[in-house]
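Asks: starting from these lines, generate the structure:
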Amino acid sequence: MVEKVLDRLQTNSEVLPKWIDEEEAKALLHVKSKTTIQKLRNEGLIRYSQLGKKMILYDRDSILAYIETNAKSTF
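Replies: Numbering: from 1, shown residues only. Just a heads-up that it's a prediction; the model follows:
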């Protein structure tokens with residue numbers, strides 16, 4: 001699954017933005033809850049930037065790195 005996402009990102013010819021909004025981050029992580037993404041953010045597992053009080057952007061590279069570090073090798 002992770003490999004499919006990474007392959008799709010690498011073969012995509014358009015430049016993807018470094019900073020993404022919450023909805024895109026949740027889709028990339030395959031989570032539906034704001035609480036889950038907030039937990040990852042608060043634990044320092046994914047990078048973010050807060051613009052004002054409500055606008056939070058997430059670093060796409062840190063999300064992909066988080067997914068990669070949690071990937072399990074097959075037996």
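Asks: residue 36 versus the residue nearest the centre of the chain, what's the distance?
Replies: Closest to where the C-alpha atoms of the chain average out (CA atoms, centre = their mean) is residue 63, at 3.0 Å. Separation of residue 63 from residue 36 (CB to CB, to the nearest Å): 12 Å. Quick note: C-beta positions are derived from backbone N, CA and C, even for glycine.
Asks: do the same with residue 24
Replies: 15 Å.
Asks: looking at these two, which one has more neighbours?
Replies: residue 24 (16 against 12; other CB atoms under 10 Å).
Asks: now do the contacts for that one.
Replies: Residues near residue 24 by CB atoms under 8 Å, 6 or more residues apart in numbering: residue 58.
Asks: that one: what secondary structure?
Replies: Secondary structure, DSSP: H, G, I helix; E, B strand; the rest coil: residue 24 is helix.
Asks: same question, residue 56
Replies: strand.
Asks: for burial, what's the neighbour tally of it?
Replies: 17.
Asks: do residue 30 as well
Replies: Around residue 30 there are 9 other residues, counting by other CB under 10 Å.
Asks: one more: residue 45?
Replies: Residue 45: 14 surrounding residues under other CB under 10 Å.
Asks: ok, now the one 10 residues further on?
Replies: A total of 10 residues lie near residue 55 under the criterion other CB under 10 Å.
Asks: tell me what it is bridged to.
Replies: Beta bridges link residue 55 to residue 51, judged by DSSP bridges.
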